[in-house]
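Enquirer: Got a predicted structure here, sequence first:
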Amino acid sequence: MNSTLLTVAPTGAETAKADAPSLPVTISELVSTAKDCAAVGAAVIHVHIRDDSAQPSLDPERLRETVQALRAETELIVQLSTGGAVTDSEADRLRVLEAEPDSASCSMGTLNFGSDVFLNRWDFIVALHTSMRDREIVPEYEIFDLGQLSALHRLLDKHGPPYGEHVHCDLVMGVPGGMPGTAAALVAAVQMLPAGASFSATGVGRSTLPVALAALSAGGHLRVGMEDTLSYAPGQPVESNAQLVARASGLARIALRPPMGIEEARSMLAIKDRRPVAVTSAGRR
Ligand code: KMH
Ligand code: ZN
């Protein structure tokens, strides 16, 4: 792999706007963040939305509007979170797919999430996987712990490949309750990936840089953003999502695996093209 897929996760469901004023919570803040991040190398945006009071939301209408706005204003691959917040119901999380994103997350198991529980029952995982395939949405399998890779093998063996047939995982490391954000844990996870799968990695909090460096050296891709870390360096709060994407782009260039272009990312992940048709001087896109 000679380029690096960069995903930005700009918002998440856990941080309060009051604690991080640059957290994008409105559709226009999300679009503006998305443009800034695309300009410095992001190809995918992993989206959680907020309501009018900046609280996490899975409101179907707002999800649809958000997907449409990001698609209209950027070329980014739009990935909606089906993880939502730990308090969201399975029904609401499944309904996220009705907003017709390009991609959606599919968390591969239940884990302690700080002092909460992030519940992902087996039958719910199967429902997400099969509903995404029916709707031609590409899943990103979120892996928080090694056992969840066993669950992924079982899912693919019993229920077949995802839409587009390519398997892409995101190793979410350093969650209190999940696998640690270390090079050793990353190598163990990579060894358990299904054959032919690609992976990105995300180190939560202080594990952001160790995980990014380990992922690059293991041939993986990167996810960064304010969903995962609010500290750029000790004593230095993150200023913006684009600051984190720019740093990841720099690391990828140092590794001689520069940021992957959006078209290459669409092809690697086998994304269905839902963008409005653009006619350019070179013809139809
Ligand atoms: N907010 C976490 C409980 C996902 O986006 O799919 C779940 C999460 C994973 O962020
Ligand atoms: Zn998320």
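Expert: Perfect, thanks for sending it. Everything quoted here is computed from the prediction, not taken from an experiment. Ligands and ions are numbered 1, 2, ... in the order given.
Enquirer: Mind pulling up the pLDDT for the residue of the stretch 101-250 of the chain found nearest ligand 1?
Expert: Residue nearest to ligand 1 within the stretch 101-250 of the chain: residue 105 (3.3 Å; C-beta to the nearest ligand atom). In short, each C-beta sits where N, CA and C put it, glycine included. Model confidence at residue 105, given as pLDDT, is 99.
Enquirer: what's the distance between it and residue 143?
Expert: Distance, residue 105 to residue 143, using C-beta to C-beta, to the nearest Å: 11 Å.
Enquirer: which neighbours do those two share?
Expert: residue 170 (C-beta atoms under 8 Å, 6 or more residues apart in numbering).
Enquirer: quick revisit: was I right to think the residue of the stretch 101-250 of the chain closest to ligand 1 contacts residue 78?
Expert: No. Residue 105 is beyond contact range of residue 78, at 12.0 Å (criterion: C-beta atoms under 8 Å).
Enquirer: hang on, the earlier thing: torsion angles phi and psi at the residue of the stretch 101-250 of the chain closest to ligand 1?
Expert: In terms of degrees, to the nearest 10, the main-chain angles of residue 105 are phi -80, psi 150.
Enquirer: can you count the residues close to it?
Expert: For residue 105, the count of nearby residues is 26 (other C-beta atoms under 10 Å).
Enquirer: What of residue 207?
Expert: Neighbours of residue 207 under the rule other C-beta under 10 Å: 22.
Enquirer: Could you pull up phi and psi at the closest residue to it other than its chain neighbours?
Expert: Ranked by C-beta to C-beta, 6 or more residues apart in numbering and with sequence neighbours excluded, the top spatial neighbour of residue 207 is residue 181, at 2.3 Å. Main-chain torsions, residue 181, degrees, to the nearest 10: phi -90, psi 70.
Enquirer: which intervals of the stretch 1-150 of the chain have sub-threshold pLDDT?
Expert: 1 (pLDDT under 70).
Enquirer: Write out the residues of it neighbouring ligand 1.
Expert: 12-13, 81-83, 85-86, 105, 107, 113, 118, 142 (C-beta under 6 Å from any ligand atom).
Enquirer: In JSON lines, list these along with secondary structure and distance to residue 211.
Expert: Compiled in JSON lines, those are given as follows (DSSP: H, G, I helix; E, B strand; the rest coil; distance: C-beta to C-beta, whole Å):
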{"residue": "12", "secondary structure": "coil", "distance to residue 211": "16"}
{"residue": "13", "secondary structure": "coil", "distance to residue 211": "20"}
{"residue": "81", "secondary structure": "coil", "distance to residue 211": "19"}
{"residue": "82", "secondary structure": "coil", "distance to residue 211": "23"}
{"residue": "83", "secondary structure": "coil", "distance to residue 211": "19"}
{"residue": "85", "secondary structure": "coil", "distance to residue 211": "23"}
{"residue": "86", "secondary structure": "coil", "distance to residue 211": "22"}
{"residue": "105", "secondary structure": "strand", "distance to residue 211": "18"}
{"residue": "107", "secondary structure": "strand", "distance to residue 211": "18"}
{"residue": "113", "secondary structure": "strand", "distance to residue 211": "18"}
{"residue": "118", "secondary structure": "strand", "distance to residue 211": "19"}
{"residue": "142", "secondary structure": "strand", "distance to residue 211": "14"}
